[in-house]
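Trainee: sequence and predicted structure below; questions after.
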Amino acid sequence: MLIDCTKAAEICNKAQYREAGSWKVFKLKIHLMYCPTCRKHAAKNGKLTKLCSKAKLQCMDPEKKKKIKEKIASRS
Amino acid sequence: MGKTKLDPSQWVDRYADYLYNYTISKVSDQTLAEDLVQETFLAGLKSASGFKGDASERTWLTAILKRKIIDHYRRANSGKGKVEVKINYTDDDQEGDWLEERAADKHRDNIEDQLQNEELGIAIERCVSQLPEKQARIFRMKTIEGMETEDICKELQITPSNLWVIIHRARTTLMNCLEKNWF
């Protein structure tokens, strides 16, 4: 039932990507009740997730990246 | 502090997404943004001999990109120069309304939000590009591309627990990097 800080951090990270099961999230919540360090970290972690989604970050098309890499290699 | 050395073979992996997001925020066109980033890298290669090593690679490439974006807008506006004014208020009975409607800009809040989000995007990308390469790559795959854990592990031949340790390190560094201005 009780988890340590390392496990709590792992569950907290998985929860940011919706990859933590409800039982694990429950155990995390119990841990956060008595661990202020993890509570602070979890709040910041959640904030980071919100900021990332708000920023609507994009990645360049991998094919385009590959072509640019080839061009750079041929001209270096 | 030692002088920075250029390593063009790593430019795409290290800076392409940062420069791409920066460009998207300025030109709002994906294809154009890709082309401008490509032009930036090629211009960087061409002028590599002039790089003194005082700035970081990213700062130097960003400066080149900024000039490319300005050039793009100069080219795009070179045939113009005339101000287009459209006023739809032609009837006398509507005369009193237009000033008020123009003054109360309904889109202003949206524009402010959008600008703030663009600024935020650039700040996040700047922090991501400062991460160790593997952390940056895995963070991007997981957070920006939204890839499944299993797929990333297969592609990079790492274990899931390895992945979560890397994600943890990346996220902790990013939180600290963004804390001053965004938390």
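Mentor: On my side now, so go ahead. Numbering: from 1, shown residues only, chains lettered A, B, ... in the order given.
Trainee: what about the residue in chain A that chain B sits nearest to, how many residues nearby?
Mentor: When scored by Cβ to the nearest Cβ, chain A has A:Ala55 as its residue closest to chain B, at 3.9 Å. Where you see a C-beta, it was placed from the backbone N, CA and C, and this is true even at glycine. By other Cβ atoms under 10 Å in any protein chain shown, the residues close to A:Ala55 number 22.
Trainee: what strand or helix carries the closest residue to it other than its chain neighbours?
Mentor: Nearest residue to A:Ala55, sequence neighbours excluded (Cβ to Cβ, 6 or more residues apart in numbering or on different chains): B:Gly121, at 3.9 Å. Following DSSP states H and E, the helix or strand that holds B:Gly121 is helix B:108-129.
Trainee: CA atoms of that helix as PDB?
Mentor: Output of helix B:108-129 as PDB, limited to C-alpha atoms (Å, rounded to 0.1, in the frame of the first residue of the first chain):
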ATOM      1  CA  ARG B 108      -7.700  40.900 -28.700                       C
ATOM      2  CA  ASP B 109      -7.900  38.400 -25.900                       C
ATOM      3  CA  ASN B 110      -7.500  35.500 -28.300                       C
ATOM      4  CA  ILE B 111      -4.500  37.200 -29.900                       C
ATOM      5  CA  GLU B 112      -2.900  37.800 -26.500                       C
ATOM      6  CA  ASP B 113      -3.400  34.200 -25.600                       C
ATOM      7  CA  GLN B 114      -2.000  33.100 -28.900                       C
ATOM      8  CA  LEU B 115       1.100  35.300 -28.500                       C
ATOM      9  CA  GLN B 116       1.600  33.900 -25.000                       C
ATOM     10  CA  ASN B 117       1.300  30.400 -26.200                       C
ATOM     11  CA  GLU B 118       3.800  31.000 -29.000                       C
ATOM     12  CA  GLU B 119       6.200  32.500 -26.500                       C
ATOM     13  CA  LEU B 120       5.600  29.500 -24.200                       C
ATOM     14  CA  GLY B 121       6.300  27.100 -27.100                       C
ATOM     15  CA  ILE B 122       9.600  28.700 -27.800                       C
ATOM     16  CA  ALA B 123      10.500  28.700 -24.100                       C
ATOM     17  CA  ILE B 124       9.800  25.000 -23.900                       C
ATOM     18  CA  GLU B 125      11.600  24.100 -27.100                       C
ATOM     19  CA  ARG B 126      14.600  26.200 -25.800                       C
ATOM     20  CA  CYS B 127      14.700  24.100 -22.600                       C
ATOM     21  CA  VAL B 128      14.200  20.800 -24.500                       C
ATOM     22  CA  SER B 129      17.100  21.700 -26.800                       C
END
